[in-house]
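Q: The amino acid sequence is not available; the structure is as follows:
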Ligand SMILES: Nc1ncnc2c1ncn2[C@@H]1O[C@H](COP(=O)(O)OP(=O)(O)OP(=O)(O)O)[C@@H](O)[C@H]1O
Ligand SMILES: [Mg+2]
């Protein structure tokens with residue numbers, strides 16, 4: 001079983017979007033995927049409610065119960081768990097990092113956001129967990145921006161993930177309808193971004209690179 005923690009003290013960095021899409025990609029690859037929502041805002045849980053029974057499953061957990069929930073999920077057959085965390089919550093982020101095999105830190109490639117991730121970077125370094133910054137919602141065509149942002153986060157002691165999740169309207173449209181971008185636009189660029197970052201994530205945690213099934217078509221929830 002693999003457990004990925006998605007953390008960032010900064011609000012609106014793209015944590016929930018990344019958590020849901022990684023779990024959905026894991027499901028599409030044939031794995032039993034689960035999202036654990038530790039955010040009192042319950043955004044991931046709301047998305048799941050819109051989808052009714054459609055996978056991936058999302059359960060909630062207060063941070064102190066997280067370890068027990070992960071253990072229970074493992075017993076029940078979960079193979080790929082993604083933990084979504086709230087912003088501005090050191091204890092929730094810490095609980096997620098402690099239990100995770102890999103930590104992903106979504107961050108918009110802008111000066112304010114980049115500066116804010118220093119706190120998050122310190123936390124993962126303190127707990128000695130492998131962690132990468134994932135640049136989210138930046139321009140799709142700005143290699144220089146990503147290169148400079150990557151060098152900056154590297155100077156904070158945390159490397160950048162080589163795959164970005166750029167600003168794509170499909171993420172906003174899909175989430176608002178309780179769908180994934182793979183369901184919304186299976187052959188679109190956003191779906192491709194998700195498949196790439198999922199495959200990269202699998203390589204980081206040493207699980208075999210999956211063959212992703214074609215995306216489910218049709219509207220899941222209105
Ligand atoms: N790559 C992207 N392209 C376009 N829109 C995006 C992208 N990633 C996230 N968004 C949008 O940005 C907003 C914030 O994203 P999200 O809810 O995932 O952030 P968050 O870090 O979980 O926020 P919070 O800190 O409040 O929990 C949402 O409207 C989402 O649809
Ligand atoms: Mg969120």
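A: Sure, I can see it. This one's a predicted model, so the numbers in the text were calculated from it and none came from an experiment. Ligands and ions are numbered 1, 2, ... in the order given.

Q: after the helix or strand bottoming out on mean pLDDT in the chain comes which helix or strand?
A: When each helix and strand of the chain is scored by mean pLDDT, DSSP states H and E, helix 111-126 comes last, with a mean of 92. Moving toward the C-terminus from helix 111-126, the next helix or strand (DSSP states H and E) is strand 131-135.

Q: Show me what whatever helix or strand comes next after that next one is packed against.
A: Sequence order places helix 143-155 as the next helix or strand after strand 131-135, per DSSP H and E. Packing contacts for helix 143-155, counted by 3 or more CB pairs under 8 Å, 6 or more residues apart in numbering; DSSP states H and E, involve helix 111-126, strand 131-135. (Each C-beta comes from the backbone N, C-alpha and C, glycine too.)

Q: secondary structure element for the residue in the chain positioned nearest to ligand 2?
A: Residue of the chain nearest ligand 2, by CB to the ion: residue 16 (3.3 Å). In the assignment (DSSP H and E), residue 16 maps to helix 15-28.

Q: Give me the distance from that helix to the chain's centre.
A: 6 Å (CA atoms, centre = their mean, to the nearest Å).

Q: what does that helix rub up against?
A: 4, 6-8, 33-35, 39, 43-44, 47, 55-56, 58, 79-80, 82-85, 87, 104, 106, 134, 136, 165, 171, 175, 180-182, 194-195, 197-198, 201, 210, 212-213, 215 (CB atoms under 8 Å, 6 or more residues apart in numbering).

Q: Near ligand 2, list only the ones from these.
A: Restricting the contacts of helix 15-28 to those adjacent to ligand 2 (criterion: CB under 5 Å from the ion) gives residue 43.

Q: so does the least confident helix or strand of the chain get close to ligand 1?
A: No - contact of helix 111-126 with ligand 1 (CB under 6 Å from any ligand atom) is absent, the minimum separation being 10.4 Å.

Q: From the contact counts, what lies against that helix?
A: Going by 3+ CB pairs under 8 Å, 6+ apart, helix 111-126 lies up against helix 90-99, strand 102-107, strand 131-135, helix 143-155.

Q: Identify each buried residue in the first one, please.
A: Buried residues in helix 90-99, counting neighbours by 16 or more other CB atoms under 10 Å, are found at 92-97, 99.

Q: what about the residue lying closest to residue 184 once chain neighbours are set aside, how many neighbours?
A: Distances taken as CB to CB, 6 or more residues apart in numbering place residue 174 nearest to residue 184, at 3.9 Å, with adjacent residues excluded. Residue 174: 26 surrounding residues under other CB atoms under 10 Å.
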